[in-house]
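Engineer: I need the structure of the sequence given here:
(one chain, ligands or ions: 4)
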Amino acid sequence: YVKDQGRSHYRFFKEDMNASFTNTALLESHLRRAIEFDELEIHYQPQVNLKTGLIDSFEALLRWNNRKFGFVSPADFIPLAEESDLILSIGNWVLEGVCKQLKEWQDKEFRPVRIAVNISPKQFRTSDFAEKTGVLIQKHGIHPSSFEVEITETALMHMNDTLATLKKLKDIGVTISVDDFGTGYSSLSYLKQYPIDIIKIDRSFIKDIEMDQKNEAIAKTIINLAHNLGMEVIAEGVEKDLQAQILKEADCHKAQGFLFSRPVPAGVIVQKYFN
Ligand code: C2E
Ligand code: MG
Ligand code: MG
Ligand code: MG
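Structural biologist: Ligands and ions are numbered 1, 2, ... in the order given. The predicted model follows:
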């Protein structure tokens, strides 16, 4: 394993097929027991309103600290979990965890905030996803408006009753966002069919927006598209002040990225944003 560019987790070196297979199988067997061994934790990354500087929403991002492998990146273990049905139990664990967190903050009478949860394509495709989400929200007694589901465009495209599921989620009162916008293989026509509230501009367009005119053009076009459709727009992966400036001037509503905060544990969120 090599340390991944100063981040606190590890990635595989895929140089040897066999070694890679063994590691993957081993990793999966550890992931299978991650919940019972209490190795998963949810971190939260603030989304900053570029006009006001205020923060009223966060993205939930899963963290796995394994006794053998140490910190493993979701970029590695989520795809692995998606290959099996493991993603369903992990996904449900995250949904429960976020509901509990929202309930705790609600009971403490902190100011109202919204938490966005990443929903894997497999989880979204389960036949009763919307109903289960509704039941969960009711069971925990949280305000539906504090709950957001993040779905990639690819996941939205590969299902027959996407519209029905999204409508049910809207009826419950949940916010719906499209994650990694602009990177999936899909037409734009779904934007007019589906009740989408928020578009999240993929990090790849933001990364060098201050130097790459094409990325700047793409980001600004997505921002205009969102405005024209009456949707909110969030830029992902903002690391530099100059990037935030460009996005603010282009009227991008919100931004999230290391410039403002890395994903951090709930305790840090409370300390930094609720006091
Ligand atoms: P994503 O949903 O697009 O999440 C954004 C990723 O960008 C996160 O990586 C976040 O830590 C990272 N990020 C945020 N700001 C910056 C920045 O300024 N610079 C850079 N370089 N990166 C930034 P993370 O936490 O490693 O998650 C990777 C992906 O794993 C997520 O991409 C999401 O697709 C998936 N994932 C994470 N948690 C969950 C989960 O609970 N359920 C599911 N199904 N997928 C998850
Ligand atoms: Mg996301
Ligand atoms: Mg994303
Ligand atoms: Mg992503």
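Engineer: What distance do you get for the residue nearest to the spatial centre of the chain to ligand 2?
Structural biologist: For the chain, the residue nearest the mean C-alpha position is Asn118 (4.0 Å; C-alpha atoms, centre = their mean). In this view, Asn118 and ligand 2 are 4 Å apart by C-beta to the ion, to the nearest Å. Heads up, the C-betas are built off the backbone N, CA and C, glycines and all.
Engineer: Next, the contact list for that residue, please.
Structural biologist: Asn118 is in contact with 59-62, 94, 150, 179, counting by C-beta atoms under 8 Å, 6 or more residues apart in numbering.
Engineer: which residues in the stretch 51-200 of the chain form helices?
Structural biologist: Assigned by DSSP state H, counting those that start in this stretch, the stretch 51-200 of the chain shows helices spanning 74-83, 86-107, 121-125, 129-140, 153-157, 162-172, 190-193.
Engineer: and this structure, which of its residues are near ligand 3?
Structural biologist: Residues of the chain that fall close to ligand 3, judged by C-beta under 5 Å from the ion: 179-180, 236.
Engineer: Could you rerun that using 6 Å?
Structural biologist: Contact residues (C-beta under 6 Å from the ion) of the chain with ligand 3: 179-180, 200, 236.
Engineer: Please convert those to TSV, extending it with neighbour count, distance to ligand 2 and pLDDT.
Structural biologist: What follows is the residues of the chain next to ligand 3, written out as TSV (neighbours: other C-beta atoms under 10 Å; distance: C-beta to the ion, whole Å; pLDDT from 0 to 100):
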residue	neighbour count	distance to ligand 2	pLDDT
Asp179	24	4	96
Asp180	18	7	94
Lys200	26	7	98
Glu236	22	7	98
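Engineer: Cool, thanks, talk later.
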